[in-house]
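A.B. asks: Test case, fold it:
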Amino acid sequence: MIKYENEMHWVSRINLALEQERFQLYRQKILPLNKEPETEEHYEILLRLKDENGTLIPPFNFIPAAERYNLMSKLDRWVVKNTLAKMAVVIQKEPKSKLSCSINLSGQSFCEPGFVTFVADQLSHSGVSPQRICIEITETAAVSNLSQTVRFMETLKRIGCSFSLDDFGSGMSSFTYLKTFPVDYLKIDGHFVKTMMTNTVDYAMVKSIHEIGKVMGLKTIAEFVENDEILQELVHLGIDYGQGYGIGKPEPFE
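C.D. replies: Next comes the predicted model:
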């Protein structure tokens, strides 16, 4: 009961924060591991909330409530609109910029009627090329809304967006469903990556996910790259991209 009361409290706080523009975009670098870093400038977009006192609140505090009470598409719309607006400013200042961004979307948004049209309209309005946008969805959310997810992906892929399957390996049927989704990137679950140097099973998982991805023509991204030792081993395995505190911490997207 305490947990549910706390989540109900978050519903009003989320709506108020949207009205008062207290959400803030952060970004974290995704580094190419097997080519010159200067060839790409790619970031994952992260969401933070400033409370009434100006303190930054991480998403794990408010996302569960947003998911339970169907507020995720509201948040996702805000993220899409504001990410594209900030990208447009950067590209306008630096037309040769190689900036591209990954945007996390919830399974609720994938299934909401009209959401895919909203994304396409925002892309058109912002002037940001769809080729600069990668949309991430977690494996769990994708599997739970299979047909809607595939339709959503196919619609936006037709205009040039790419897709990444996040936290890959965390589900029980990962490889079975992988053939169904028209994704371009696999993000290897960070729980395997961060312990891969001390746990042989986790190391084998990272290696096997990359090998399957390679056979299917997909790029692989390792999450939770926390130190140079892990980074160098990922390079050795041929993983395409790395992301984590050992590469770069989240920073405000100004």
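
A.B. asks: Which parts of the protein are helices?
C.D. replies: Assigned by DSSP state H, the helices in the chain fall at 2-19, 63-68, 72-93, 107-111, 115-126, 139-144, 146-158, 174-178, 190-193, 200-215, 228-237.

A.B. asks: Residue 154: what's it in contact with?
C.D. replies: Residue 154 sits next to residue 182 when contact means Cβ atoms under 8 Å, 6 or more residues apart in numbering. C-beta coordinates here come from the backbone N, C-alpha and C atoms, glycine included.

A.B. asks: same deal with the one 10 residues further on?
C.D. replies: Residue 164 is in contact with 102, 134, 135, 136, 137, 183, 184, 185, 186, 187, 221, counting by Cβ under 8 Å, 6+ apart.

A.B. asks: among the residues you listed, who's most crowded?
C.D. replies: Counting neighbours by other Cβ atoms under 10 Å, residue 221 leads these with 31 neighbours.

A.B. asks: Identify the residue spatially nearest to residue 218, adjacent ones excluded.
C.D. replies: Closest residue to residue 218 apart from its sequence neighbours, by Cβ to Cβ, 6 or more residues apart in numbering: residue 186 at 5.4 Å.

A.B. asks: how close does the one you found sit to residue 205?
C.D. replies: 12 Å (Cβ to Cβ, to the nearest Å).

A.B. asks: In a markdown table, list the contacts of residue 164 along with distance to residue 125.
C.D. replies: Output for the contacts of residue 164, formatted as a markdown table (distance: Cβ to Cβ, whole Å):
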| residue | distance to residue 125 |
| --- | --- |
| 102 | 20 |
| 134 | 19 |
| 135 | 17 |
| 136 | 22 |
| 137 | 23 |
| 183 | 26 |
| 184 | 24 |
| 185 | 26 |
| 186 | 31 |
| 187 | 28 |
| 221 | 29 |
